[in-house]
Structure formats: C-alpha cells, structure tokens
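Asker: Sequence plus the predicted model coming up.
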Amino acid sequence: MTEPDMQTVAQVVSEYLRDQHPGGLTIEVIGEGVRKVDDWWQVPVRPDAWPAKTFELYDTLAEVEIRILEDRHLNILLALIEPKIEQVA
C-alpha cells in the first residue's frame, strides 16, 4: 500500500467530517497543518464556534478517528484548535 501524503490525509478527514455537525457546528480541516509523527497523522481541525455541549464535539472527533482507522487503516489524531472569533465593529 502506498503511503498517503498530507493533502490526501486532509482530504480523507474532510470527507469524514463533511456530514458531522455536533451542536449544529461545522468542522474545518486545516490542511497546511497536517503532520506525520511516527505512525500517526496529526490533523488540525477548527469548529466554527464552541458548541454549548463540548462533549458532543469531542465525541464526534473520536468517532471520526475510529472510523478512519477502521475504514482506511490510517492512524489519525484530530487536533482541535480554537474557533475563529469574528470581531464585531
């Protein structure tokens, strides 16, 4: 099996997150931040806001990691980063 590159890993994670909206949020993959660390791919992801129930977000991320491992045999660690906060003028 050919080792995937950063772009391929980002695309796979984006596909798995596409229909996941914990608490009504959208989760974005930050493709330029994808890194390979030993046998794991670290993939930064950013929700568009913090959900009212943060456990929903963490549960969703854990489920996506498990599904990718089972389906694609990729060890993925989704690294949550702060949502963008838009300034109101």
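Answerer: Good, I have the coordinates.
Asker: Pairing partners for the nearest residue to Leu17 once chain neighbours are set aside in the sheet, please.
Answerer: Nearest in space to Leu17, with sequence neighbours left out and distances taken as C-beta to C-beta, 6 or more residues apart in numbering, is Ile27 at 4.9 Å. For glycine as for every other residue, the C-beta is placed from the backbone atoms N, C-alpha and C. Taking DSSP bridges as the rule, Ile27 bridges to Pro47.
Asker: Any chance of the backbone angles for the closest residue in space to Pro4 that isn't next to it in sequence?
Answerer: Leaving aside its chain neighbours, Pro4 sits nearest to Leu74 (6.9 Å; criterion: C-beta to C-beta, 6+ apart). Main-chain dihedrals, Leu74, degrees, to the nearest 10: phi -110, psi 130.
Asker: so Leu74 touches Glu3, yeah?
Answerer: No: shown here, Leu74 and Glu3 do not form a contact pair, counting by C-beta atoms under 8 Å, at 10.0 Å.
Asker: neighbour count winner among the two?
Answerer: Neighbours per residue (other C-beta atoms under 10 Å) separate Leu74 from Glu3, with Leu74 holding more: 18 against 7.
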